[in-house]
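> Turn this into a structure:
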Amino acid sequence: MALVTVFQVSADTITYPNGAHVAIHLSYDDGLSSQLDHAIPTLDKYNIKASFYLLPGSATLNNERQVEAWKKAAQNGHELGNHTVFHPCSSKGPERSWVKPYASLEQRTPEWMAAEVKMANTFLFLLDSQKSRTFTPPCFETMTQSGDYLSAVRPLVAGVYGRTLPKPEEVYWSAHNVSGRQLINYIKRSAANPQTKIIGIKFHGVGGDYLSISNEAHRELVQYLAKHRDQYWVTTYKNIVDYIHQQ
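Here you go, the predicted model:
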């Protein structure tokens, strides 16, 4: 749907709203029930907007009440991001027995992945009426049987998670089974690097599901970010990508 280019932006020239030195985004993968039940209420309480990377086949998108909850989240300013349809990952290795044959990257091509991302965009448009959204590659893996698929999907999305600026200008952490203090320390430590302009923390379950963190840890992080809006610009990944594109 939306077109995108690979941004050639110097981190030295980036300025954020309210004089913030760093932009921070919280994101949540796979469209899990615990995100609707726990993460979103906490985010909304403290007026923090985040990105949720949904899978059309997730259980929460086959439940009328939860579908309405996702629509409400989008109306409240959260991003519904693209995470493909079938969550394709590499099936190589003994720890990847959970990857179904139809979702193995080794069975895919870049053209196939582009078609799947297009399909997910269409599905998400029916939820939020948005024609532009960012994309998180499942497992952060992008190598198919015939090459890396990112160049094929970039024109279809507003941005690719973690690929807007080079490291260390953009950093992220996929966090689970950690404390609120550890999450906050990651923010502080990353922001202390004058080169860093974008910090992301990626979650799955919050107070439930899998690869989870506790409600308490999540709430502690959100409270910290809400109290330090003068230091950090906390928003959706799409808002950050769009803002940098306008620099």
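> Strands of this protein, residue ranges please.
Applying DSSP state E to the chain gives strands spanning 22-29, 51-54, 79-82, 134-135, 143-144, 147-148, 159-160, 170-174, 198-203, 232-234.
> can you tell me which of the ones you listed comes nearest to residue 214?
Residue 214 sits nearest to strand 198-203 of all the strands of the chain, at 11.3 Å, using Cβ to Cβ. Using the backbone N, CA and C atoms, a C-beta is placed for each residue, glycine as well.
> tilt between the closest one and strand 170-174?
Computed by axes from the mean of the first three to the mean of the last three Cα atoms, to 10 degrees, the angle separating strand 198-203 from strand 170-174 equals 10 degrees.
> Please export the C-alpha coordinates of strand 198-203 as CSV.
Extracted in CSV, the C-alpha atoms of strand 198-203 (Å, rounded to 0.1, in the frame of the first residue of the first chain):
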residue,chain,number,x,y,z
ILE,A,198,16.0,5.5,18.4
ILE,A,199,15.5,2.9,21.2
GLY,A,200,13.0,0.1,20.9
ILE,A,201,11.8,-2.6,23.3
LYS,A,202,10.0,-5.6,21.9
PHE,A,203,7.5,-7.6,23.9
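> what comes up buried for that strand?
198-203 (16 or more other Cβ atoms under 10 Å).
> That strand pairs with which strands?
The pairing partners recorded for strand 198-203 under DSSP bridges are strand 22-29 (parallel), strand 170-174 (parallel).
> Pipe those strands into CSV and attach mean neighbour count, distance to residue 108 and mean pLDDT per row.
As requested, the strands paired with strand 198-203 are exported to CSV (neighbours: other Cβ atoms under 10 Å; distance: least, Cβ to Cβ, whole Å; pLDDT from 0 to 100):
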stretch, mean neighbour count, distance to residue 108, mean pLDDT
strand 22-29, 24, 19, 98
strand 170-174, 19, 22, 98
